[in-house]
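> Attaching a predicted model along with its sequence, questions to come.
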Amino acid sequence: MFIPTLERQCTSEQREKFLPLCYDYRIIGTYAQTELGHGTFLRGLETTAHYDPNTQEFILNSPTISSIKWWPGALGKTSTHAVVLAQLYTLGKCHGIHPFVVQLRSLDDHKPLRGITVGDIGPKMGFGPNDNGYLKLHKHRIPRTNMLMKYSQVSPDGTYTKPPRSTLTYGTMTFVRVLIVHGSAIALAKASTIAIRYSAVRRQSELRPGEPEPQILSYPTQQHKLFPLLATAYAFHFVQLAMMKIYTDVNDQINNSNFSRIQELHALSSGLKAFTSWVTNAGLEVCRMSCGGHGYSQASGFPRLYADFTPSCTYEGENTVLMLQSARYLVKCVRDARSGKTLPGTVSYLSEDVSAVHSGGSSGRDLSNLDFLISLYKQRASNQVHFASDKVDRGISAGMDLVGALNSASVHLVSAAKAHSHYFIAKTFVESLKLLKASSELQNVLHQLASVYVFEGIAQSSGDFIEDYILSGSEAKTIRQLAVDLLPLIRVNAVSLVDAFSFRDEVLQSVLGRYDGNVYENLFKWAQNSPLNKTDVHPSYHKYLGPLLKRNQSKL
Ligand SMILES: CC(C)(COP(=O)(O)OP(=O)(O)OC[C@H]1O[C@@H](n2cnc3c(N)ncnc32)[C@H](O)[C@@H]1OP(=O)(O)O)[C@@H](O)C(=O)NCCC(=O)NCCSC(=O)CCCC(=O)O
Ligand SMILES: Cc1cc2nc3c(=O)[nH]c(=O)nc-3n(C[C@H](O)[C@H](O)[C@H](O)COP(=O)(O)OP(=O)(O)OC[C@H]3O[C@@H](n4cnc5c(N)ncnc54)[C@H](O)[C@@H]3O)c2cc1C
């Protein structure tokens, strides 16, 4: 995050000064925004940067215990520099959060500089190799030119020039949220690879006396656990491509001072980061548990994969908070639509009349047609967004202010943002396959994946579709069965579909997911290399177990 922030927030002179040092690894930096007392509420950050016109310096300070920077990756022991987000004060006025480059450690002996107290925050659930750290600033002075001044400036005499948009400071977070969508796709692809390869190797239980034990991948329940997740990994692959395209387009516009789509980008990246990381987080656990006891071994690769992935539901914007950000924008779009404004691409459906005509019993509608089903996802999203938006309006009519009304409707707002993200993902998956240049065989296999993703997505949220009369109960049941009917067809290509991700064994780091499928021999080898097995009799025997056993034996 250090380099992307410099690339996005530096003037051209500052780029020339700082970026070559980063690219040549002459300095290493971190993004120090979160504090002990605040991670989500950025306007509440307490670190201060007071401008001193006499020396043309900023004085950075951590005024309270809760203002100590806390969590930034590689801050503890590695980074020589940091981008520090602090409340800017100049000529007696506060101008809010701004980014400052601060050198933390000497480039000669790596010792912390004067006014800098820095260290590691201690062991975590995962991210072992990452020295997430703390930083306490004590009246630490930096040159005026170390404030990143692409969007806002402080002149030598202390005059402040404000940015065209205050939220441009938040640009790096949007960029990393887009990267996390990609990270979700990769993590779920890895977990699917491990679980499906292992399920093809593992044989268990005798279905009928005398019959050979079947591969566990042949059990419908195992297929039902794994194949929708495999399809989701493919869906997220296509979504991250679409998300990155939108990000690049909007970022190019921002660089040309066109800020018209900054809100749409913030809302979409927030919703997709939260949606994909939540789904992947849960999916990693399903994949682990589908591998039985060996899934719980470090040898499987799952414990580290989970421990290293799960914080993505928290960092870069806690998922619930980001869903609320997304929903806040959707509510504004409903208002804009009602006042006749044209809505941008990813939310234009909110101005369409998608009211369902409930079909009643056997509808005769083609429930296996993906384009038709995507229209039902659209209907569900539109209904949820309008419902939540009406809740907000009712809150205001009842005398609440907008903040109060948004807060009181927040549970429904999160549901609406989830439905919106889900619609975007399902639509993007189906549309991406139409554009794919692939053989008919490949198209057929990918269509099976898209179908099981769409069917299972409805099955797992059928309440949304039934409550709003988008589907009848019997139609929902039919779609649930359509998902199950697809499983044996996907089984034929399941191993090839994970091999297609092409994770090298060294990257997958999983004995269960080895490309050669030689699991048992390598599990035994892995266990023998365990530190506890360095000696047949562990040294602790002589200190504890031996005396205990001998003392009790003498009583026999
Ligand atoms: C939750 C909010 C958005 C709340 O902002 P706020 O100003 O208090 O409240 P607000 O009235 O809702 O927002 C004001 C307005 O700012 C807009 N906005 C907010 N964020 C963005 C953005 N990124 N791009 C574009 N626009 C943005 C909002 O939509 C609001 O717009 P509006 O007033 O409705 O027109 C903010 O505090 C926030 O972004 N919190 C999350 C902090 C975060 O993401 N921290 C990450 C730290 S770095 C990290 O975790 C790295 C980990 C990964 C790694 O190791 O690499
Ligand atoms: C592994 C890891 C790496 C990190 N790396 C960095 C880094 O490099 N740089 C950096 O600056 N930070 C980093 N962070 C910090 C991270 O960005 C914050 O933890 C994150 O933004 C969440 O903020 P918080 O911890 O204050 O949680 P909180 O906001 O306190 O969340 C706690 C609960 O409060 C709820 N909540 C908060 N606000 C609202 C609201 N308005 N409405 C409803 N519910 C709300 C949340 O939904 C959540 O359930 C890292 C964190 C982790 C775990």
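That came through fine. Ligands and ions are numbered 1, 2, ... in the order given.
> Point out where the stretch 201-350 of the chain drops to low pLDDT.
For the stretch 201-350 of the chain, applying pLDDT under 70 flags no range at all.
> burial count for whichever residue of the stretch 451-556 of the chain sits closest to ligand 1?
Here the residue of the stretch 451-556 of the chain nearest ligand 1 is V507; by C-beta to the nearest ligand atom that distance is 19.3 Å. Heads up, the C-betas are built off the backbone N, CA and C, glycines and all. V507 has 12 neighbours, counted by other C-beta atoms under 10 Å.
> what packs against the least confident helix or strand in the chain by mean pLDDT?
Every helix and strand of the chain was ranked by mean pLDDT, DSSP states H and E. The lowest is helix 546-553, at a mean of 89. Taking 3 or more C-beta pairs under 8 Å, 6 or more residues apart in numbering; DSSP states H and E as contact, there are no helices or strands that helix 546-553 lies on.
> roughly how far apart are S79 and L60?
Computed as C-beta to C-beta, to the nearest Å, the S79 to L60 distance reads 15 Å.
> again with G513
From G513 to L60 the distance is 47 Å (C-beta to C-beta).
> neighbour count winner among these two?
G513 (27 against 23).
> Can you report how many residues neighbour the spatially closest residue to the more buried one that is not a sequence neighbour?
Nearest in space to G513, with sequence neighbours left out and distances taken as C-beta to C-beta, 6 or more residues apart in numbering, is I194 at 3.4 Å. By the criterion of other C-beta under 10 Å, I194 has 29 neighbours.
> Likewise for the one 5 residues further on?
Other residues within reach of S199, judged by other C-beta under 10 Å, total 26.
> Next up, the contacts around it.
S199 makes contact with Q215, I216, L217, Q222, L226, S290, C291 under the criterion C-beta atoms under 8 Å, 6 or more residues apart in numbering.
> Read off the pLDDT value for it.
pLDDT for S199: 98.
> Check which helix or strand it maps to.
S199 is part of helix 171-201 when elements are defined by DSSP states H and E.
> and the helix or strand following that helix, what other elements does it pack with?
Counting by DSSP H and E, the next helix or strand C-terminal to helix 171-201 is helix 220-255. Helix 220-255 is packed against helix 171-201, helix 262-289, helix 410-435, helix 440-460, helix 473-499, with contacts defined by 3+ C-beta pairs under 8 Å, 6+ apart.
> got those as JSON lines, with distance to ligand 2 columns?
Below are the helices and strands packed on helix 220-255 laid out as JSON lines (distance: least, C-beta to the nearest ligand atom, whole Å):
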{"stretch": "helix 171-201", "distance to ligand 2": "9"}
{"stretch": "helix 262-289", "distance to ligand 2": "10"}
{"stretch": "helix 410-435", "distance to ligand 2": "6"}
{"stretch": "helix 440-460", "distance to ligand 2": "22"}
{"stretch": "helix 473-499", "distance to ligand 2": "27"}
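> Could I get those helices in CSV, plus columns for distance to Y349?
Shown next, in CSV, are those (distance: least, C-beta to C-beta, whole Å):
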stretch, distance to Y349
helix 171-201, 21
helix 262-289, 13
helix 410-435, 8
helix 440-460, 17
helix 473-499, 21
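> Ligand 2 contacts on the protein?
Counting by C-beta under 6 Å from any ligand atom, the residues of the chain close to ligand 2 are 1, 30-34, 38-40, 71-73, 127, 132, 311, 314-315, 317-318, 320-321, 324.
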